[in-house]
Each structure stands twice: as structure tokens, then as C-alpha cells.
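Q: give me coordinates for this.
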Amino acid sequence: MNTLDSFIPEPRICEVDSIEVPVPAAAAFACARHFDIARVPTAAFLFWLRTLPDRFRSSGRTAVASRPQLRFDDIGRSGTGFHVLVDDEKRLVVGAIGRFWLTHMEFEDVPTDRFASFAEPGWGKLVWELRSESTAHGSRLVFELRLTATDDESFRSFQRYYRSIAPFSRFFRRAGLRLISKELVAIDPREESRPLVGDLLIPNAKAQATDGIEIDAPPSAVWPWLVQMGCRRAGWYSHDDLDNGGARSETVVVPELQELRVGQVLPATPKSDDGFTVLALEPQRVLVLGALVNTELDRPLFFDDAKPEHYFQSTWAFVLEPLAYERTRLLVRARVDYGPDVLSRRVGALALGLVHHFMEHAQLEHLKERAEGRTHRVQNTWHDIGSGIAGAGIMLIDFATPFLRGARSHWGTTAEDAARAHPGDEHVPEPLWQWTHAIKVQAPPEQVWPWVVQLGQDKAGFYSYQALENLARCEIQNASRIHPDWQETKVGDELLIHPKAPPLTITHCEKDRALIAAAGIDPATGTVASNAFGTPGTVAVSWAFLLEPTADGGTLLKSRYRCACSNDLATRVQYGPSIVEPVGFAMDRRMLRGIQERVEL
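A: As a prediction, the model looks like this:
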């Protein structure tokens, strides 16, 4: 039985955070229980801010900020309202009964043996446990939090309060566990000094850094993620805004990227073919990458070339060591050599001293998540968020300029071209409103089509403002590569816009030419009945993606949207141009540019 079952056996809220460390349980717990939470960034300030009203009351004058004691040991000390319920070699349980939601918290002092049975209405109950559990390769540190209340009304008050502080609580717990882990699992000096495959490629390295992580998966599950690394491949799984051009690293294993060979170059940047050369390869065990750069000319060389006066040479070795119980120890070692000139020394110090550990730590954590199957499909990067803010600004301008709606309706093409008939118009022959947006792509239609045909909420997304789409709970992850599994779209398939919205149906799919979808039409006639709009709430739309080859070998890509609806106010407001057009213009234009960027990259 869980120890906390003795105090809150049926919690209304329960949250558990844990982290594994390669040290015995007793040693891990000893380190954790004395850990000072104030070492977590922002924790001390927020704790001081939360207790400021109390300190004003107690002193009657402005309180002087002092660094609080925030060790786990101290939380249950006398006078805090929290009490130690259990304390032994592997666990510390602290609990409190109080009205936590009040500005000035009130606590009820209850003996440990009455904690579970206390049921006086009007109180919240909280317990948390810090414990260590032995594992095959060390131990697991666990922080478990349980909340409940003695009556429904009190729980609602407690729940509202907890919702406001939950993000900070989770941040402190998880950041604290990570810092404790760093203290306990700093790279073993023996791993830093022992030879690894790839060391002899730079026998006289001027600097070296070794990082490692234990993964709850066998080497066979880790290896596929390593071999598909690289820009314009699966990414580097680190800070994508810094090393992958803002494109998110893949969250799935890509079959066509699983073939890797010695001598192959993995691009290091989104816009260059230069990068890291595969120097050694042993499936499921070793991958060694390397590079040699003339720093004076900023020109890559072959790794075995004679070194110029100004040079920077590096190796990057990934070594997988199988552990018991289907686990893996992944070691990553970077070694560098550089010329005697100041420029080369600065490049070397920056690359290994300032940048490497920051990027490598993120890479290892994200590799672990992927190999263990813990990666979420949807995740907005800072690039997505920044782009979304810009997109929201465009929408505001569009809302403020309804008189420009006519000009926006044919962005990228002429009014005359937008007015002519296009494929798909037959679905909605008399639209209430429409747009025809276009963009010139410097590539033939057969290179544009694969990006168009995989559009959809459940597929490649819409290459638009992902953060804004996800703010509307679209759960979209824009793809940065062509997925073969999404290329088999056919007539009758669905084009999903939102997970909770009715889908459009694909009515026409002509490879390299046209993808057309519609909703609200009669399947037998392929159009909307002329008398259909007499019924309130009736809507018919068509959305055509048209690829027109240009004389210079490029493609004019068009997005043509047409909408008709019943004349009742609610339907006109929801589907008419007043709201949909300003949002649609910003999103659709970004989508076309997103396709253009991906094709021309």
C-alpha cells in the first residue's frame, strides 16, 4: 500500500513526478531531502511574494526581503502549518489541513493519527511525499502530491486556488528533481577519462566533453532516432529554433531516413549541404560524426585533409551501451582540435565551452523522450509562438479594414483571374463570398503537389500559424517534410480542419493539378440545391487547391474558397465574411507561403 493511502486514500487531485538516478536509494533520498528549493530559478521570489501579506500583518511595517529557507526538511517545521507525518530513511511525508485559498491562510492543527479521519466541513487537506525507490540500476526519486477537501464547497475553493498555482508548483517540483538529478548523475569521472570509439580520430584533442543519459529502452529503440539526425532530415532534437531553422525535430521514426553510410554528410544548417560527415558506423552501437573547417575562409574541408593554419576540427561520438532490463546508457563525446591562432581558439572555446553542453543536454533529454515513446505530437516552438503573434497582428489589421476585403480576395493574382471560372466552382455556383489567393513557386507542379496533397489537421497541418491554430484547439503539427503515408489521398477521403468540426470531403484529386474538397453539397449532384438555403443554419463551402504550370517552369499555386449560407443572422455571423475573411486571409496567405518555403528550401 502507498504510504499516502494512510492519510488521503481517495484524493480528488493526485500528481506524481519522478526521475531516475544511478545511485542507491538511501543516498538519493539523503541528497533530495536536504535540497534547497530556492535554488530553482524564480522559486525564492515567488515564495517571498506569496508570503508578503502575512509578513506585513506580523510586522506592521514593510517587510525586508530575505532569502527563505526552502529545503524539503524545513517545510514541515513547527510554525508553518505543515507537519511531518512520516520520516524515515527513504521517505518524507508532509501534510496540512487548512483554508489554503484565503489570502491569509488558516491552518488546523491536527495530530498525525487523526489526519485521515478529520472531516470537519470547510477545510482542505494536502499531503505530499518525497521518496526514493530502488531500481535495477540505482533508484527513482518520486514526488507525489495529493489534495482533497472535507466537503464539496471547500474543494471547489481549493481547486480554484490550486489551478492558479499549479503551473508554478509543477515547475518547482520538476525543476527541483532535475537539479537534484544533476548533482547525483553528473558524468562519472571514469566515463570522462575512459577511451571511446572515435577518440583516435583526433588523438591530440585540445578539449573534450562527455555527456550521458540512461534511457528506458533498448539500443534497438534508440538507434533509429540517431541515424535520421540532421537538418532537412529529422532535426537534431535539441533547441530547434537555434539549430534547425525553427522547424521542429521529428517525433516519429522516418523509414526513408534509416539508411546511413560512412562518408555521408548530415547537413548542419537548414540552408547548406555542409555539415557533419559520418566517420564510423556500427548499427545499434556506435555513430561517429566529424567536421573540419578552415576558419579563416569559413570553408568546410574533408575530415582527412591537411589542416590549414586556421582550422577547427571536431568529432561527435554517440555510443550506446546496453543495460539490464532493456535499458540503454547513451554516451555522447565531443572532441575538438584547433589552430594556434586567436580566431580558431575562440571558435573552439565557444563551440565546446558555451554552446555544446546547453545544446547537448536538450538533445539527450529529447532523445530519451522519443525512444521511450513520451513525445507529444503537437508542440509549439518559440518560433511558432513569435510567428503566431505576428499573424494575430495581421488579423487585427484585417478586421479594422473591411473596405480592403475586395483587394484581399484576389491576393497574389488579378481581379480578372479571380472572377473567371475555376475547377470546383460547380459545388457552390452562387457563393455569398469567396477568395482566390495565389503564390508563385519556383518549382514545377510535381514538386509542389506532395506538400499540397498531405494537407489536413490529422496529417501535415496547414503550414500556417501553428500556434494560433492550436490556440483554437486544432491540435496541429505542421510538417517540415513529405510523408509517403500521406500521399495516397483519393476522392471520398476527408479533409479535416479541426478535430471537432465536420470535415470536408475530397471531390477531385488530380495529381500535380488539383485537390478540391467541399461540404454541404448534395453527393448525387455535386452541388448545393438551389432551395437549400431557405433552412436556417445551412452552409455549403468548397476549397480548391489548384496548381497551374508557368512558362518558366514554375507553378502558380492557388487557394480558392467559396461559401454560401442561409440568410439567418446566426449563420451569417458564423460563416459570413465579417469574421471568417480577416482570419482566413491571414491564415491562407501564410499557408501558401509555408508551402512555397518548403518547396524552395
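Q: how about the strands of the stretch 1-150 of the chain, start to end?
A: Shown for the stretch 1-150 of the chain, the strands assigned by DSSP state E, counting those that start in this stretch span residues 13-21, 83-87, 91-99, 106-107, 124-135, 138-149.
Q: the first one: which residues count as buried?
A: For strand 13-21, a neighbour-count test (16 or more other C-beta atoms under 10 Å) marks 13, 15, 19-21 as buried. Glycine gets a C-beta too; all of them are placed from N, C-alpha and C.
Q: now stretch 564-574, how far from the chain's geometric center?
A: 38 Å (C-alpha atoms, centre = their mean, to the nearest Å).
Q: contacts for it?
A: 428, 430-432, 528, 533-541, 575-576, 579 (C-beta atoms under 8 Å, 6 or more residues apart in numbering).
Q: what segments of the stretch 451-600 of the chain are strands?
A: For the stretch 451-600 of the chain, the strands defined by DSSP E, counting those that start in this stretch occupy 494-495, 504-510, 514-519, 539-549, 555-565.
Q: turn the ones you listed into TSV, including distance to A149 and mean neighbour count.
A: Shown next, in TSV, are these (distance: least, C-beta to C-beta, whole Å; neighbours: other C-beta atoms under 10 Å):
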stretch	distance to A149	mean neighbour count
strand 494-495	45	19
strand 504-510	47	18
strand 514-519	47	23
strand 539-549	46	22
strand 555-565	48	22
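Q: so which of these is nearest V448?
A: Smallest distance to V448 across the strands of the stretch 451-600 of the chain (C-beta to C-beta): 4.8 Å, for strand 555-565.
Q: in its sheet, which strands sit next to the closest one, and in what direction?
A: Strand 555-565 pairs in its sheet with strand 433-441 (antiparallel), strand 539-549 (antiparallel), by DSSP bridges.
Q: now do the buried residues in the shortest one.
A: Same thing as strand 433-441. 433-439, 441.
Q: of those residues, closest to E250?
A: Taking C-beta to C-beta as the measure, E250 lies nearest V441 of the buried residues of strand 433-441, at 24.0 Å.
Q: from what I can see that closest one touches D552, true?
A: No - V441 is not in contact with D552 according to C-beta atoms under 8 Å; the separation is 11.2 Å.
Q: need the strands of the stretch 451-600 of the chain in JSON lines with distance to Q228, can you?
A: As requested, those are exported to JSON lines (distance: least, C-beta to C-beta, whole Å):
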{"stretch": "strand 494-495", "distance to Q228": "29"}
{"stretch": "strand 504-510", "distance to Q228": "30"}
{"stretch": "strand 514-519", "distance to Q228": "28"}
{"stretch": "strand 539-549", "distance to Q228": "29"}
{"stretch": "strand 555-565", "distance to Q228": "29"}
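Q: ok, L592 to G553 distance?
A: Distance of L592 to G553, given as C-beta to C-beta, to the nearest Å: 19 Å.
Q: more neighbours: which of the two?
A: More neighbours surround L592 than the other of L592 and G553, with 22 against 10 (other C-beta atoms under 10 Å).
Q: OK, contacts around that one?
A: The contact partners of L592, by C-beta under 8 Å, 6+ apart, come to 412, 437-439, 557, 559.
Q: and which of those is nearest H356?
A: Ranked by distance to H356 (C-beta to C-beta), those are led by I439 at 39.7 Å.
Q: how near is that closest one to V448?
A: The gap separating I439 from V448 is 10 Å, by C-beta to C-beta.
Q: residues contacting stretch 22-32, please?
A: Residues outside stretch 22-32 that contact it (C-beta under 8 Å, 6+ apart) are 21, 72, 89-92, 130-134, 137-139, 141, 180, 183-185, 214.
Q: let me see the ranges of the helices in the stretch 301-450 of the chain.
A: Using DSSP state H, counting those that start in this stretch, the helices of the stretch 301-450 of the chain run over 342-348, 357-371, 382-400, 405-408, 415-419, 445-453.
Q: for the third one, packing partners?
A: Helices and strands in packing contact with helix 382-400 are listed as helix 240-243, helix 466-471, helix 577-600; criterion 3 or more C-beta pairs under 8 Å, 6 or more residues apart in numbering; DSSP states H and E.
Q: list the buried residues of the longest helix anywhere in the chain.
A: Scanning the chain for the longest helix, with DSSP state H as the assignment, gives helix 152-184. Neighbour-count burial for helix 152-184 flags 154-155, 157-159, 161-162, 172-173, 175-177, 179-181, 184 (criterion: 16+ other C-beta under 10 Å).
Q: now flag whichever of those residues is closest to D384.
A: The closest of the buried residues of helix 152-184 to D384 turns out to be A175 (C-beta to C-beta; 23.2 Å).
Q: and the pLDDT at the closest one?
A: pLDDT, A175: 79.
Q: can you give me how far stretch 83-90 is from the chain middle?
A: Distance, centroid of stretch 83-90 to centroid of chain: 37 Å (C-alpha atoms, centre = their mean).
Q: and stretch 556-567, by the same measure?
A: On C-alpha atoms, centre = their mean, the centre of stretch 556-567 falls 33 Å from that of its chain.
Q: any stretches of the protein with poor pLDDT?
A: The chain contains residues with pLDDT under 70 at 1, 37-80, 183, 185-191, 342-355, 376-379, 529-531.
Q: per-domain residue ranges of it.
A: Split into domains by automatic domain parsing, the chain comes to 3-184, 189-371, 382-600.
Q: give me the neighbour count for L364.
A: 20.
Q: A247 too?
A: Number of residues near A247 (other C-beta under 10 Å) recorded here: 21.
Q: that one falls within a strand, correct?
A: No - applying DSSP: H, G, I helix; E, B strand; the rest coil, one finds A247 to be coil, outside a strand.
Q: returning to that earlier point: any chance of the strands paired with strand 555-565 in TSV, plus distance to A419?
A: Listed next are those as TSV, based on distance: least, C-beta to C-beta, whole Å:
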stretch	distance to A419
strand 433-441	9
strand 539-549	15
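Q: among the ones you listed, which is nearest G275?
A: Across the strands paired with strand 555-565, G275 has its closest neighbour in strand 433-441 (26.2 Å, C-beta to C-beta).
Q: that older thread, ok, which of the strands paired with strand 555-565 comes nearest V252?
A: Proximity to V252 (C-beta to C-beta) singles out strand 539-549 among the strands paired with strand 555-565, at 24.9 Å.
Q: so how far is that closest one off the chain centroid?
A: Distance, centroid of strand 539-549 to centroid of chain: 32 Å (C-alpha atoms, centre = their mean).
Q: same check on stretch 101-109?
A: With C-alpha atoms, centre = their mean as the basis, the mean position of stretch 101-109 lies at 38 Å from the chain mean.
Q: which parts of it are buried?
A: 101, 105, 107-108.
Q: now do the contacts for the nearest residue to L85 once chain neighbours are set aside.
A: Nearest non-adjacent residue to L85, counting by C-beta to C-beta, 6 or more residues apart in numbering: V93, 4.4 Å away. Taking C-beta under 8 Å, 6+ apart, we find V93 in contact with 3-4, 7, 84-87, 127-129.
Q: how about a cut-off of 7 Å?
A: Listed by C-beta atoms under 7 Å, 6 or more residues apart in numbering, the contact set of V93 reads 3-4, 85-86, 127, 129.
Q: quick one: strands adjacent to the helix or strand hosting G290?
A: Element membership of G290, judged by DSSP states H and E, is strand 286-294. Strand pairing for strand 286-294, determined by DSSP bridges: strand 275-282 (antiparallel), strand 299-301 (antiparallel), strand 311-323 (antiparallel).
Q: any idea which of those is most buried?
A: Neighbour counts (mean count of other C-beta atoms under 10 Å) averaged over each of the strands paired with strand 286-294 peak at strand 311-323, with a mean of 21.
Q: show me how far it is from its chain's centre.
A: On the basis of C-alpha atoms, centre = their mean, strand 311-323 sits 26 Å off its chain's mean C-alpha point.
Q: now for the helices of the stretch 301-450 of the chain, which one comes closest to P300?
A: Of the helices of the stretch 301-450 of the chain, nearest to P300 by C-beta to C-beta is helix 342-348, at 13.4 Å.
Q: all good on my end, thank you.
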